[in-house]
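1. When you get a sec, could you give me coordinates for this:
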Amino acid sequence: MDDAARDAVHHRGMQNIAPSGFPQRVGLLVPGSNTTVEAEMNRAGLPGLSFHAARMTLPMGLAGEELAAQLRENAAPPLQHLSACQLDAVMLGCTSAAMALGADRSLAMMQGAQAKGTLEVGTAIIAALRAVGVARIALFTPYLPATNASVIAYLAAAGIETLASLGLGLNASLEMFRGVSRTTPAALEAHLDALDTAGADGVLICCTDMPTVAALPGLEARVGKPVVSSNQAMIWAIARHLGQQPERAGGSLFAAA
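-> Numbering: from 1, shown residues only. Reported below is the predicted structural model:
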């Protein structure tokens, strides 16, 4: 990058800083083992924002109201810690939790952070899919079939039809799931090659612990359709909410914005 280009990037970044001269603060509530969300947010190029994560334990082997109750209980302490940050926005960054709870309960739970704005990844995904004109998807996740079924039901309630799905079953144990954060762009390509995308308008990759953002332009070129991911949708939703423009987040979603 030459000096002129570097100065232009710096100038855009300074324009995005809040009038006080300090970045706007964004809280992230993520699963305890998640090592991807903060990295993806910071790589997106949002110099007007600073990210502050807190972690919660994800319940294993629960479903329905029992799962919802345990999620709310587990989220309370980390959200209380985030409340001390005086956040401009807070985002629930766990796709399976957000979709199990539903938008209303997710947003109500996140009020515990006492942020100026409250967001959650499930709603962000639906809005992102609509923004790129995708109503019929092929779904890829690292989840078990039961978790995929919950995702598919959540999408269906919002008018998104799932025509094909592929889950890796890695949330059977924490030890297996730790490998999700090590997913490479080449592995993502191989997984999408194994997914039937023929009748779909686009592809959805669910899971905030799966690194996707840097790989999305290449994946879209490979499948010839929009590809939306959990982290990409979160970056897009946060940026829209706080009036920011990511400098290094690509794909059809940001072109549509």
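
2. just the helices in the chain please.
-> For the chain, the helices defined by DSSP state H occupy 3-16, 37-43, 64-83, 95-101, 103-110, 121-131, 145-157, 174-177, 185-193, 216-223, 230-242, 252-256.

3. Can you say which of those helices is packed in most?
-> Stretch with highest mean neighbour count among these: helix 95-101 (a mean of 27; mean count of other Cβ atoms under 10 Å). Every residue, glycine included, has its C-beta placed from N, CA and C.

4. Output the contacting helices and strands for it.
-> Other elements packing on helix 95-101 under the criterion 3 or more Cβ pairs under 8 Å, 6 or more residues apart in numbering; DSSP states H and E are helix 64-83, helix 103-110, helix 121-131, helix 145-157.

5. Redo these as CSV? Include distance to Val227 and mean pLDDT.
-> Below are those laid out as CSV (distance: least, Cβ to Cβ, whole Å; pLDDT from 0 to 100):
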stretch, distance to Val227, mean pLDDT
helix 64-83, 28, 92
helix 103-110, 23, 96
helix 121-131, 11, 97
helix 145-157, 15, 94
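
6. Report pLDDT for His10.
-> The score at His10 is 38. That number is its pLDDT.

7. on that earlier part again, for the helices and strands packed on helix 95-101, which one sits closest to Val228?
-> Closest approach to Val228 among these is made by helix 121-131 (4.9 Å; Cβ to Cβ).

8. Report the distance from the closest one to the chain centre.
-> Offset of helix 121-131 from its chain centre (Cα atoms, centre = their mean, to the nearest Å): 10 Å.

9. Residues touching it, excluding its own?
-> Residues outside helix 121-131 that contact it (Cβ atoms under 8 Å, 6 or more residues apart in numbering): 91-95, 98-99, 102-103, 106-107, 135, 137, 154-155, 158, 160, 202, 204, 206, 208, 228, 230, 232-234, 236-237, 253, 256-257.

10. Compute the inter-axis angle for it and helix 103-110.
-> Between the axis of helix 121-131 and that of helix 103-110 there is an angle of 130 degrees, by axes from the mean of the first three to the mean of the last three Cα atoms, to 10 degrees.

11. CA atoms of helix 121-131 as PDB?
-> The C-alpha trace of helix 121-131 is given here as PDB (Å, rounded to 0.1, in the frame of the first residue of the first chain):
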ATOM      1  CA  VAL A 121     -27.000 -13.200  15.700                       C
ATOM      2  CA  GLY A 122     -30.200 -15.000  14.700                       C
ATOM      3  CA  THR A 123     -31.900 -11.800  13.600                       C
ATOM      4  CA  ALA A 124     -28.700 -10.600  12.000                       C
ATOM      5  CA  ILE A 125     -28.700 -13.700   9.800                       C
ATOM      6  CA  ILE A 126     -32.300 -13.400   8.700                       C
ATOM      7  CA  ALA A 127     -31.700  -9.700   7.800                       C
ATOM      8  CA  ALA A 128     -28.500 -10.600   5.900                       C
ATOM      9  CA  LEU A 129     -30.200 -13.300   3.900                       C
ATOM     10  CA  ARG A 130     -33.000 -10.900   2.900                       C
ATOM     11  CA  ALA A 131     -30.500  -8.200   2.000                       C
END
